[in-house]
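Peer 1: Sequence plus predicted model, see below.
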Amino acid sequence: MKNVWSRLKMGSENDPDQKYLTNWIGEQDQTIGTQENEVEDTGQTETYVDNKPIEPQGKKISRPTVLKWVIFLVFIVYILVSYYRGPILTSLGKYLVVQHSLEKADLIVCMMGNPVERGLAAADLYEEGMAPRIFVGREELHDGIEVLKQRGVHYPETRDLLIMMLQGLGVARSDCLVSDHFMGSTFEEARVIRGIAQKEGYHSLIIVTSPHHTRRTWLTFKKVFEKDDMVIMMMPSRYTDFRPDSWWKKGKYVNEVIIEYQKLIYYTLKNFL
């Protein structure tokens with residue numbers, strides 16, 4: 001027994017058991033090799049079966065196909081816009097204009113900006129007796145005004161020029177209501193007017209402004225006065241060359257309409273979303 005254990009431990013090459021084991025393994029390898037050769041000789045090929053589930057594959061749209069559709073859609077849109085150009089642009093112009101049936105009110109509000117056309121319309125309403133007073137806002141001062149004052153040069157504010165014009169049109173100076181607050185936007189102007197209306201006990205307003213500015217002005221005043229018992233009536237000035245059915249024919253009004261829609265979109269996103 002000891003002799004057998006010593007031979008296994010030493011790994012003797014002359015060990016008959018090891019020799020038999022080696023020969024047996026070799027025979028197995030030869031058998032496998034022979035089988036492989038037989039498969040090759042018969043010309044048969046083994047088929048690999050994939051047991052994974054087959055998933056449907058969507059068709060990929062090539063870039064040239066997408067580009068063709070984009071060009072086609074752009075062409076269709078161009079044709080439609082060209083054919084309906086007039087009605088579309090007219091609708092855009094009309095949407096900006098809001099005009100209400102007027103009744104006598106407590107105050108006429110002459111909105112800042114474009115003082116001549118708006119001042120003329122406000123003076124007409126005053127002369128017709130639609131309201132006893134006209135509010136004139138104060139725009140922010142231009143840069144450099146303080147330097148002019150220091151150098152002894154008087155530069156009239158827009159408010160002063162508008163009041164002077166109203167007086168020339170028959171409006172008494174005492175009927176021009178003013179505020180010392182500087183207002184840089186329609187929203188700020190509406191808030192100042194709300195404070196004056198609460199102080200004076202006003203319940204109705206006639207808002208005079210440029211036609212393309214009436215929609216946003218109306219929405220702004222409704223928002224500011226939403227908790228108050230206030231009647232708001234919009235009156236677009238007729239002393240302007242802006243026409244909803246032809247505004248795109250003048251570059252001046254093209255710029256104003258584009259800017260107005262930008263402000264209107266911003267106002268809508270800011271206050272209603």
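Peer 2: Perfect, thanks for sending it. Numbers count the residues shown, from 1 in each chain.

Peer 1: Can you show me the helices along the stretch 51-200 of the chain?
Peer 2: All helices of the stretch 51-200 of the chain, identified by DSSP state H, counting those that start in this stretch, fall at 63-83, 85-96, 115-127, 145-150, 158-168, 186-200.

Peer 1: Quick check: buried residues in the last one?
Peer 2: Within helix 186-200, the residues that qualify as buried are 186-190, 192-194, 196-197, counting by 16 or more other CB atoms under 10 Å. C-beta: built from backbone N, CA, C; applies to glycine.

Peer 1: And the helices of the stretch 51-200 of the chain: which comes nearest Asp175?
Peer 2: For these, proximity to Asp175 was assessed by CB to CB; helix 115-127 is nearest, at 7.2 Å.

Peer 1: What's the mean pLDDT across stretch 233-248?
Peer 2: Summarised as a single mean, pLDDT over stretch 233-248 is 96.

Peer 1: ditto for stretch 78-95
Peer 2: Average pLDDT, stretch 78-95: 85.

Peer 1: ok, now stretch 128-145?
Peer 2: Mean pLDDT, stretch 128-145: 93.

Peer 1: Which positions in that stretch come out as buried?
Peer 2: Applying 16+ other CB under 10 Å to stretch 128-145 flags 130-131, 133-139 as buried.

Peer 1: Looking at those residues, which two lie furthest apart in space?
Peer 2: Maximum distance among those (CB to CB): 24.4 Å, for Met130 and Glu139.

Peer 1: Find the residue ranges of the stretch 1-150 of the chain scoring beneath the pLDDT cut-off.
Peer 2: 1-62 (pLDDT under 70).

Peer 1: which ones are touching Tyr253?
Peer 2: 212, 241-242, 247 (CB atoms under 8 Å, 6 or more residues apart in numbering).

Peer 1: and it, what helix or strand is that in?
Peer 2: helix 251-272 (DSSP states H and E).

Peer 1: nearest to Gln262, of the buried residues of stretch 128-145?
Peer 2: When the buried residues of stretch 128-145 are compared for distance to Gln262 (CB to CB), Glu139 wins out at 20.5 Å.

Peer 1: And the closest one, how far from Cys110?
Peer 2: Between Glu139 and Cys110 the computed distance is 12 Å (CB to CB, to the nearest Å).

Peer 1: What of Val224?
Peer 2: With CB to CB as the criterion, Val224 and Cys110 are 17 Å apart.

Peer 1: With neighbour numbers in mind, choose between these two.
Peer 2: Cys110 (27 against 20; other CB atoms under 10 Å).

Peer 1: Now that one: closest residue in space, sequence neighbours ignored.
Peer 2: Ala122 (4.1 Å; CB to CB, 6 or more residues apart in numbering).

Peer 1: can you tell me which residues contact that neighbour?
Peer 2: Per CB under 8 Å, 6+ apart, neighbours of Ala122: 108, 110, 134, 166, 208.

Peer 1: Among those residues, which one lies nearest to Met230?
Peer 2: Out of the contacts of Ala122, the member with the shortest distance to Met230 (by CB to CB) is Ile108, at 14.3 Å.

Peer 1: Quick one: neighbours of that closest one, just the number.
Peer 2: If we define neighbours as other CB under 10 Å, then Ile108 has 27 of them.

Peer 1: hey, what's it bridged with?
Peer 2: Taking DSSP bridges as the rule, Ile108 bridges to Ile134, Ile206.

Peer 1: surely it meets Met130?
Peer 2: Yes: counting by CB atoms under 8 Å, Met130 is a contact partner of Ile108 at 6.7 Å.

Peer 1: Now do the shared contacts for the two.
Peer 2: Joint contacts of Ile108 and Met130 (CB under 8 Å, 6+ apart) are Ile206.

Peer 1: what's the longest strand along the chain packed up against?
Peer 2: Counting by DSSP state E, the longest strand found in the chain is strand 176-183. With contacts defined as 3 or more CB pairs under 8 Å, 6 or more residues apart in numbering; DSSP states H and E, strand 176-183 has these neighbours: strand 134-139, helix 158-168, helix 186-200.
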